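Enquirer: sharing a model prediction with you, sequence too.
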Amino acid sequence: MNPKTLIVQRDGAAATIRLNRPAQRNGVTAEMLSELYRALGALAGDPTVRVVVLRGEGADFCPGADLKHYTSGAADTAGRPDTDEFNIATMLHEMPAVTVAAIAGACAGAGLGWACACDLRIASQTARFNSAFLDVGVAGDMGGPWTLPRLVGAAKARELYFLPGKFDAAEALRIGLVTRVSAPETFEADVNALVARLTRAAPLALKGMKANFLAAEKMAFADYIALESEKHGRIFASEDTKEAFRAFVEKRAPTFKGR
């Protein structure tokens with residue numbers, strides 16, 4: 001891939017996707033949808049990737065659709081997005097790697113949906129959130145009505161969608177939308193520290209934990225416990241778990257091999 005609207009970077013077990021239309025505040029176009037869908041698919045299929053960070057280039061995360069693009073006539077020659085590309089939120093939520101949304105500036109519309117689909121969300125104090133869909137006459141896309149109630153509760157999610165309006169990072173933290181909030185001057189370091197902590201975790205346990213959360217969403221409790229117990233037994237017998245136990249007793253950092 002040589003994407004025009006993204007920057008994809010690898011650093012060991014972590015990958016970062018930057019939405020790269022900073023002059024348009026990283027507004028979404030059909031081209032971005034296509035490129036992001038393919039980039040996530042490639043990372044989801046790479047067993048060496050354990051953490052994926054989604055963020056925006058420049059001052060903003062993503063304000064949703066680039067309305068100037070869609071009203072200028074430019075979109076008329078680009079073709080409609082493939083139906084599969086609306087599963088970007090599904091991919092962020094269900095891919096084997098732990099997904100992190102690093103949010104600064106505008107986060108609205110599809111951008112909010114993508115952020116909600118991630119496993120973790122860290123925000124700069126500059127972040128501003130809005131569902132925004134009703135303001136532009138659409139019911140919405142990218143899975144917000146499925147993901148958002150699981151984060152903030154059903155009543156609050158409906159309020160945020162039916163009564164759109166901007167709210168800041170402090171409010172996002174208060175309602176449970178984001179995991180943590182950082183000052184602008186420490187945001188980069190805090191994102192990097194979060195990613196480093198995740199990539200230091202035992203690989204089998206990290207991916208197993210992500211899989212457990214996904215399974216728990218779809219299964220009866222007793223069925224989930226049976227699956228969890230079987231998986232726990234396999235991971236418990238791994239070399240990495242034995243190493244983690246020894247390192248804890250010896251008060252040192254463990255060295256994991258992914259087996």
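Expert: Nice, I can see it. Remember, predicted model here, so these are calculated numbers, not experimental data.

Enquirer: for the chain, give me the ranges with low pLDDT.
Expert: Within the chain, the ranges that satisfy pLDDT under 70 run 1, 74-81.

Enquirer: in it, which residue is closest to the centre?
Expert: Closest to where the C-alpha atoms of the chain average out (C-alpha atoms, centre = their mean) is Cys118, at 2.7 Å.

Enquirer: going along the chain, name the strands of the protein.
Expert: In the chain, the strands defined using DSSP state E lie at 6-11, 14-19, 51-56, 98-103, 106-108, 120-124, 128-130, 167-168, 180-182.

Enquirer: list the buried residues of stretch 44-61.
Expert: For stretch 44-61, burial by neighbour count (16 or more other C-beta atoms under 10 Å) applies to 44, 46, 49-58, 60-61. Placement of C-beta: from N, CA and C, glycine included.

Enquirer: measure stretch 87-107 end to end?
Expert: One end of stretch 87-107 sits 19 Å from the other (C-alpha to C-alpha, to the nearest Å).

Enquirer: pull out the buried positions in it.
Expert: So for stretch 87-107, counting by 16+ other C-beta under 10 Å, buried means 87-89, 91-93, 95-107.

Enquirer: give me the distance from that stretch to the chain's centre.
Expert: Its chain's C-alpha centre and that of stretch 87-107 lie 2 Å apart, by C-alpha atoms, centre = their mean, to the nearest Å.

Enquirer: cool, and stretch 82-95?
Expert: 11 Å.

Enquirer: and for stretch 212-227?
Expert: That offset, for stretch 212-227, works out to 22 Å (C-alpha atoms, centre = their mean).

Enquirer: before we move on, what about stretch 151-164?
Expert: Distance of stretch 151-164 from the chain centroid (C-alpha atoms, centre = their mean) equals 19 Å.

Enquirer: what residues of that stretch count as buried?
Expert: Leu151, Val152, Ala157, Leu160, Tyr161, Pro164.

Enquirer: which member of these is positioned nearest Ala201?
Expert: Nearest to Ala201 among the buried residues of stretch 151-164: Leu151, at 22.4 Å, using C-beta to C-beta.

Enquirer: the closest one reaches Leu173, doesn't it?
Expert: No. Leu151 lies out of contact with Leu173 (C-beta atoms under 8 Å); the separation is 11.7 Å.

Enquirer: reformat the buried residues of stretch 44-61 as a markdown table; add distance to Ile122.
Expert: Shown next, in a markdown table, are those (distance: C-beta to C-beta, whole Å):
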| residue | distance to Ile122 |
| --- | --- |
| Ala44 | 21 |
| Asp46 | 23 |
| Val49 | 19 |
| Arg50 | 17 |
| Val51 | 12 |
| Val52 | 14 |
| Val53 | 9 |
| Leu54 | 11 |
| Arg55 | 10 |
| Gly56 | 13 |
| Glu57 | 17 |
| Gly58 | 17 |
| Asp60 | 15 |
| Phe61 | 11 |
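
Enquirer: other residues contacting stretch 231-243?
Expert: Stretch 231-243 is contacted from outside by 202-205, 208, 211-212, 254-259, using C-beta atoms under 8 Å, 6 or more residues apart in numbering.

Enquirer: hmm, try it at 7 Å
Expert: With contacts defined as C-beta atoms under 7 Å, 6 or more residues apart in numbering, stretch 231-243 is touched by Ala202, Leu204, Ala205, Gly208, Pro254, Thr255, Phe256, Lys257, Gly258, Arg259.

Enquirer: one more: stretch 202-220?
Expert: Contacts to stretch 202-220, defined as C-beta under 7 Å, 6+ apart, come from residues 50, 94, 96, 98, 119, 198, 224, 227-228, 231, 235, 238, 240-241, 244, 256, 258.
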